[in-house]
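Participant: Sequence first, predicted model second:
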Amino acid sequence: MALIKNIAQICKSKNAGPFNVTVDILFEDHDMYRAVKATGVLTPALFAQLYGVEEADILFTPYDPAAAFKITFPRAVPAGDIGDTDVYGCQQHAPVLDIDIPL
């Protein structure tokens, strides 16, 4: 088993407009990326569970040429609105860091 934070080169989040957040998971090693992808652990269902959104609202894109996954989902609170605690969306990747991958 390996945690994403220990095997991904980059795991970050950012705004995708005021109503969505994007999480990027990038691997320096294409073999590691392919191994992670083959496990089937990273899915829209997992991200829906992690972020409390509907699975249908998850845009999940594995991008083989870049050895990366891009996941976009609705923000709980629009950027800058009352109650927003992360206007840039740059701290939203934290739940992804501890995803355990069976390698």
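Facilitator: Great, that's in hand.

Participant: Kindly state the pLDDT recorded for the residue nearest in space to the middle of the chain?
Facilitator: The structure's the chain has its C-alpha centroid closest to residue 23; by Cα atoms, centre = their mean the separation is 3.7 Å. We have a pLDDT of 98 for residue 23.

Participant: and it, which of the three is it?
Facilitator: Assigned by DSSP: H, G, I helix; E, B strand; the rest coil, the conformation of residue 23 is strand.

Participant: Can you show me the helices along the chain?
Facilitator: For the chain, applying DSSP state H gives helices covering 4-7, 30-39, 44-51, 94-97.

Participant: I'd like those as a markdown table, with distance to residue 67 and mean neighbour count appended.
Facilitator: The C-beta positions use only the backbone N, C-alpha and C, and glycine is treated the same way. Shown next, in a markdown table, are the helices of the chain (distance: least, Cβ to Cβ, whole Å; neighbours: other Cβ atoms under 10 Å):
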| stretch | distance to residue 67 | mean neighbour count |
| --- | --- | --- |
| helix 4-7 | 11 | 16 |
| helix 30-39 | 4 | 15 |
| helix 44-51 | 19 | 17 |
| helix 94-97 | 16 | 16 |
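
Participant: quick one: the residue sitting furthest away from the middle of the chain and residue 53, what's the gap?
Facilitator: The C-alpha centroid of the chain is most remote from residue 82, which lies 24.5 Å away (Cα atoms, centre = their mean). From residue 82 over to residue 53 the distance is 20 Å, taken as Cβ to Cβ, to the nearest Å.

Participant: same thing with residue 33?
Facilitator: In terms of Cβ to Cβ, residue 33 sits 25 Å off from residue 53.

Participant: what does residue 46 give?
Facilitator: Taking Cβ to Cβ, one finds residue 46 at 12 Å from residue 53.

Participant: Equivalent analysis for residue 65, please.
Facilitator: Going from residue 65 to residue 53 by Cβ to Cβ gives 27 Å.

Participant: So the two - more neighbours on which side?
Facilitator: Neighbour comparison, residue 65 and residue 53: the larger count goes to residue 53, with 17 against 6 (by other Cβ atoms under 10 Å).
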